[in-house]
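[1] Have a look at this prediction, sequence included:
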Amino acid sequence: MKVYTLYDGTKVTQRAIVQAFRAGRARLICSWPDTSLPRRVSLRLDGVDMDTRGQCYMMSEEVWTVKPKSLWECFCASS
């Protein structure tokens with residue numbers, strides 16, 4: 001069975017991602033790795049929303065969450 005890695009490095013199964021998505025707890029966490037690169041997207045399954053855009057000294061320190069629209073987005077965001 002394939003194992004996926006979340007934003008914090010936790011390893012989870014496909015089943016855990018599906019359950020979190022269906023329960024409304026999956027979140028895509030976005031950040032800017034560098035101002036010249038596109039945003040980075042990872043996955044969280046705790047249902048916690050955050051948005052630090054405009055509150056950080058550097059743009060690369062900003063993070064925000066987005067509720068995924070599909071399971072496909074969840075699997076793409078986890079490695």
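    Thanks, I have it.
[2] Helices of this protein, start to end?
    14-23, 71-77 (DSSP state H).
[3] Give me the contacts around the longest one.
    This means helix 14-23. 1-2, 4, 26, 43, 45, 47, 68, 71, 74-75, 78 (C-beta atoms under 8 Å, 6 or more residues apart in numbering). Yep, even glycine has a C-beta here, placed from its N, CA and C like the rest.
[4] want to throw the residues you listed into a markdown table with distance to residue 58, neighbour count and pLDDT?
    Shown next, in a markdown table, are the contacts of helix 14-23 (distance: C-beta to C-beta, whole Å; neighbours: other C-beta atoms under 10 Å; pLDDT from 0 to 100):
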| residue | distance to residue 58 | neighbour count | pLDDT |
| --- | --- | --- | --- |
| 1 | 39 | 5 | 78 |
| 2 | 35 | 7 | 89 |
| 4 | 29 | 18 | 95 |
| 26 | 28 | 25 | 97 |
| 43 | 24 | 26 | 94 |
| 45 | 28 | 22 | 96 |
| 47 | 28 | 13 | 93 |
| 68 | 27 | 20 | 96 |
| 71 | 33 | 14 | 96 |
| 74 | 28 | 21 | 95 |
| 75 | 30 | 17 | 95 |
| 78 | 26 | 24 | 91 |
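[5] So which of those residues are in strands?
    4, 43 (DSSP state E).
[6] Now tabulate the contacts of helix 14-23 in a markdown table and tack on distance to residue 56.
    Converted to a markdown table, these look like this (distance: C-beta to C-beta, whole Å):
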| residue | distance to residue 56 |
| --- | --- |
| 1 | 38 |
| 2 | 34 |
| 4 | 28 |
| 26 | 24 |
| 43 | 22 |
| 45 | 24 |
| 47 | 23 |
| 68 | 24 |
| 71 | 31 |
| 74 | 26 |
| 75 | 29 |
| 78 | 25 |
